[in-house]
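Engineer: Sharing a model that was predicted from the sequence below.
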Amino acid sequence: MQIFSYSVGVKVLLVQPPIEDFYDTSIRTYPLALAYLAGSVSGLCDVSVADLRTGSKRVVKQPRVFEELRAFYRDDGYTPFSLFTRFYRFGASPVEIKRIIEREAPDMVAIASAYTTYSWQALEVARIAKEVSAEVVTVMGGTHATLFPEHLLRHDFVDYVIRGEGETPFATLVKSLSSGRDPRSDNIAGLCFRQDGDFHIGAINIEHNIDVLPDRRHISADAYRINRKKYAFFLISRGCPFSCTFCGKPPVPYRKRSIASIERELAECLDLGIEAIDFEDDMLNLDRSFFTDVLRLFSHKGLTLSAMNGIYPATIDVPTLQLMHDAGFCRLNFSLVDAQEPVLRSQGRALPTSFLDLLPWFESSPFLVETHFIIGLPGQTPRDVVETLIFLMGRRLLMGPSMFYLAPGSAIFKETFGDVQMSKEPQLGLLRSSVMFPWNELFPRKTTYTLMKLVRFINWVKQCLDRTEGLTKLSDLLEVAATRNPHDKELVKRVLLDKRFTRYATREQRFIEETHDPDLVRLFFKRAKEAGIKGFKTSNRLLIDV
């Protein structure tokens, strides 16, 4: 939890709230949006950034709405193909939040509410701020605030909500409050508030100038690391021109930054000692010409580059990949969604033939490739996912599964719930992947869990291939497993021979079958008979011979 401030009058505290879930991606918590807000009010106020999410976690009580997950996520056993075990709070406790707000004594607390499913933790910060002082002005922004402003404003400890991109509205709000004016009469773009017992909901704000730089002085470079390297998030564009049915991003148009502004920000990052940069663009390489200009700018700067949001596969080619390698990309993330064309068509996406054509090239390339796909999409069947597993496991890549959930704001969400304002708060917890909620009736939790376990098994095999020479068939893995953990050989044998997933129960000291679908495991091995699995870092290959 890092706090930095620069003093100019009215005091503003920008907050990234904690989250509660079975997991968090620790290398994806850099609060770039707050740095942009800090930059927008530079010179207008005394501003601090409090990241209340990064750097700590503790086990907390699992919500009752997740009770059915106890059959799947357990902390009383061992398996090399584990998924999740415990429910955590990632970030500051309520007591710590109160202590920080008391110490900072802000006039305004602005809280990022990026995720609907974690909106309770964001609201918790606003509530605590008002407990510290009823005079504190509370403001909320982010994706959830943009989609469901009324959900936040129903709570009397939330004064204002900003919809859309927040730099200009937030700066204008700070100016209004600093001068003693009532912001409700200033016609501020995107601003939402209560007035005379009703809600005033502003239109989604779109920034016209996206060349304004984030103020990274408010973020400790030492607090955020990828493979021990100081990293930062970076944007070269905003928005997306497509409308995939499962995507819940607000309707923000695609825009590119100027090369000059990107160059200035790059220089600032280097001056701060940043060693790695992750591009967080929704469509990083949509415009191939623009992307190559950016790559030349980053080339030979000594940075490690990544794009964990995913590379758009349709515009990638070998010359671009070579430029990416020169610029500092070593690991590539691609968003495939599914390998079956009918499934992709149903989601408003085309089969990325250019990426598929490049798969043989990647075999001998210097890149490590991770390919992401979704399990449980509407219109998808378990067999579709099995076919995707078989297709991907024979390539030199790591498989990155995502369990489907209804993203608020997506076309699928609207088809399911209509135009709602999230009135039933307990349901908010279901809008996350770790819950494995069966939005597609063909994917009950047992089916989704089984498919996730198969992916874990395949990636475990890939790891074995990278570490051990001479493996040619799955049965060879039994001896490798025996050297890993005292229980691995038996656990692997039960997958290979019995087509069942088990765990070693540490309390009972015996092997217990996990809650899964053995028929689906058998279907996988039947379809994969004589198919090959390749490593992730090497092209070592073995056959599925059982």
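Structural biologist: Yep, that arrived.

Engineer: show me where the stretch 201-350 of the chain has strands.
Structural biologist: Using DSSP state E, counting those that start in this stretch, the strands of the stretch 201-350 of the chain run over 225-226, 229-234, 237-238, 255-256, 276-279, 304-306, 331-337.

Engineer: Actually, the stretch 401-546 of the chain.
Structural biologist: In the stretch 401-546 of the chain, the segments counted as strands under DSSP E, counting those that start in this stretch are 502-505, 510-513, 532-534, 541-543.

Engineer: neighbours around D211, how many?
Structural biologist: Residues lying near D211 (other C-beta atoms under 10 Å) number 12. All C-beta spots, glycine's among them, are computed from the backbone N, C-alpha and C.

Engineer: ok, it touching K256?
Structural biologist: No - look at D211 against K256 with C-beta atoms under 8 Å: they stay out of range, at 10.1 Å.

Engineer: rewinding a little: output the strands of the stretch 201-350 of the chain as TSV; include the columns distance to V125 and mean pLDDT.
Structural biologist: Formatted as TSV, those follow (distance: least, C-beta to C-beta, whole Å; pLDDT from 0 to 100):
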stretch	distance to V125	mean pLDDT
strand 225-226	25	92
strand 229-234	21	96
strand 237-238	26	96
strand 255-256	30	96
strand 276-279	25	97
strand 304-306	29	97
strand 331-337	31	89
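
Engineer: Save those as TSV, and put in distance to V60 and mean neighbour count too.
Structural biologist: As requested, those are exported to TSV (distance: least, C-beta to C-beta, whole Å; neighbours: other C-beta atoms under 10 Å):
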stretch	distance to V60	mean neighbour count
strand 225-226	25	17
strand 229-234	27	21
strand 237-238	35	20
strand 255-256	40	16
strand 276-279	28	22
strand 304-306	31	19
strand 331-337	30	20
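
Engineer: Could you dump these into TSV with distance to D517 added?
Structural biologist: Output for the strands of the stretch 201-350 of the chain, formatted as TSV (distance: least, C-beta to C-beta, whole Å):
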stretch	distance to D517
strand 225-226	36
strand 229-234	39
strand 237-238	42
strand 255-256	46
strand 276-279	36
strand 304-306	35
strand 331-337	23
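
Engineer: These: which one's closest to T292?
Structural biologist: strand 255-256 (12.7 Å; C-beta to C-beta).

Engineer: Could you give the separation of the closest one from the chain centroid?
Structural biologist: Here the centre of strand 255-256 is set off from its chain's centre by 22 Å, with C-alpha atoms, centre = their mean, to the nearest Å.

Engineer: Okay, now the unreliable bits of the stretch 151-300 of the chain?
Structural biologist: The stretch 151-300 of the chain contains no residues with pLDDT under 70.

Engineer: Please enumerate the helices of it.
Structural biologist: For the stretch 151-300 of the chain, the helices defined by DSSP state H, counting those that start in this stretch occupy 167-178, 259-271, 288-298.

Engineer: okay, the last one in CSV with CA atoms only?
Structural biologist: Coordinates of the C-alpha atoms in helix 288-298 are reproduced here as CSV (Å, rounded to 0.1, in the frame of the first residue of the first chain):
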residue,chain,number,x,y,z
ARG,A,288,-0.5,-2.3,-38.1
SER,A,289,1.2,0.8,-39.4
PHE,A,290,0.7,2.7,-36.2
PHE,A,291,1.8,-0.3,-34.1
THR,A,292,5.0,-0.7,-36.1
ASP,A,293,5.8,3.0,-35.6
VAL,A,294,5.4,2.5,-31.8
LEU,A,295,7.6,-0.7,-31.9
ARG,A,296,10.4,1.3,-33.6
LEU,A,297,10.1,3.8,-30.8
PHE,A,298,10.6,1.1,-28.1
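
Engineer: coming back round to it: I'd like to know which of the strands of the stretch 201-350 of the chain lies nearest to I188.
Structural biologist: That would be, of the strands of the stretch 201-350 of the chain and by C-beta to C-beta, strand 237-238, which comes in at 20.3 Å.

Engineer: Pull the residues that contact the closest one.
Structural biologist: Here strand 237-238 makes contact (C-beta atoms under 8 Å, 6 or more residues apart in numbering) with 165, 207, 210, 252, 254-257, 281-284, 286-287, 290.
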